[in-house]
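**Student:** predicted model follows, preceded by the sequence.
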Amino acid sequence: MTPTSDAARIGVFGGTFDPVHEGHLEVARECAEKLDLDPVLMVPSSLPPHRHAPLASAPDRLAMVKLAVEGHPRLRASDVEVRRGGVSYTVDTIRAFADEYPWAELTLLLGWDAALDFGTWHDSVEIRRRARIAVFNRAGSPRPDPAEVIRLGLPGDAIVLEVDSPLVSSTAVRRALAHEGPGGDVLPPAVRAYIRQHGLYQE
């Protein structure tokens, strides 16, 4: 990727994506539009530091994200954490992108649930120094109070967005898939086909 302007803006949207679903894509698309980000890099973790190990392997989750972003011109899959392996610390990913795209302004996209733990993250001060932070909450949920944002260790100028994403979680999707329920309805068709082909999330 080469710079398209002196003020290129790149979004960084990390997660386990176990599996990636339409809710993730809608968040990424809305953040891209509202913050003028191009691209939004969707980054599947290798091993998340704050969650249980994902059920699907890192290569499978990366493959699903690559399939999911097809046809979405502002979204791009990144293998930076899968390639690095080990525990995926966001600060290492931000450093890598800062080195790779020195002309760009990086914006780290955080769901409110992740933002609640931000102050405990490894080298969170450096993350704040190297990237803008945008926190998104679902439509209909309370907008975070600025004082609460600062108390959590986020910068006072953190951007707070309300996104109208489907009310769905990867946990609910996995549960539905394990019992052949309707969870697949919120999966991109190519991701649903990949899951079936590889027998993922079956009990």
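**Tutor:** Alright, I've got the coordinates. Residues are numbered from 1 along each chain as shown.

**Student:** okay, CA-based contacts and neighbour counts for the rest of this
**Tutor:** Noted.

**Student:** identify each buried residue in stretch 155-165, please.
**Tutor:** Judged by neighbour count using 16 or more other C-alpha atoms under 10 Å, the buried positions of stretch 155-165 are 155, 158-163, 165.

**Student:** quick one: mean pLDDT for it?
**Tutor:** Mean per-residue pLDDT for stretch 155-165: 86.

**Student:** now find how far off-centre it is within its chain.
**Tutor:** Remark: stretch 155-165 is offset 14 Å from the chain centroid, using C-alpha atoms, centre = their mean, to the nearest Å.

**Student:** please enumerate the helices of the chain.
**Tutor:** Applying DSSP state H to the chain gives helices spanning 22-35, 58-69, 80-84, 90-100, 112-115, 124-130, 146-151, 170-178, 189-198.

**Student:** lowest average pLDDT across these?
**Tutor:** helix 146-151 - the lowest mean pLDDT of these, at a mean of 80.

**Student:** just the ones in strands from the buried residues of stretch 155-165, please.
**Tutor:** Under the assignment DSSP state E, the buried residues of stretch 155-165 contribute 159-163 to strands.

**Student:** looking at the residues you listed, spot the one nearest Y194.
**Tutor:** Using C-alpha to C-alpha, V163 comes nearest to Y194 of those, at 27.5 Å.

**Student:** in this structure the closest one contacts F136, no?
**Tutor:** Yes: counting by C-alpha atoms under 8 Å, F136 is a contact partner of V163 at 6.4 Å.

**Student:** for G15, which non-adjacent residue is spatially closest?
**Tutor:** Using C-alpha to C-alpha, 6 or more residues apart in numbering and skipping residues adjacent in sequence, the residue nearest G15 is P44, 5.3 Å away.

**Student:** so what's the residue count around that neighbour?
**Tutor:** 30 (other C-alpha atoms under 10 Å).

**Student:** wait, it sits on S78?
**Tutor:** Yes: look at P44 against S78 with C-alpha under 8 Å: they come within range, at 7.4 Å.

**Student:** residues shared between the contacts of the two?
**Tutor:** By the contact definition C-alpha atoms under 8 Å, 6 or more residues apart in numbering, P44 and S78 are jointly contacted by L62.

**Student:** how near is V80 to A96?
**Tutor:** Going from V80 to A96 by C-alpha to C-alpha, to the nearest Å gives 8 Å.

**Student:** same check, this time on R9
**Tutor:** 16 Å.

**Student:** who's more crowded, those two?
**Tutor:** In terms of neighbours (other C-alpha under 10 Å), R9 is the more surrounded of R9 and A96; the figures are 21 against 14.
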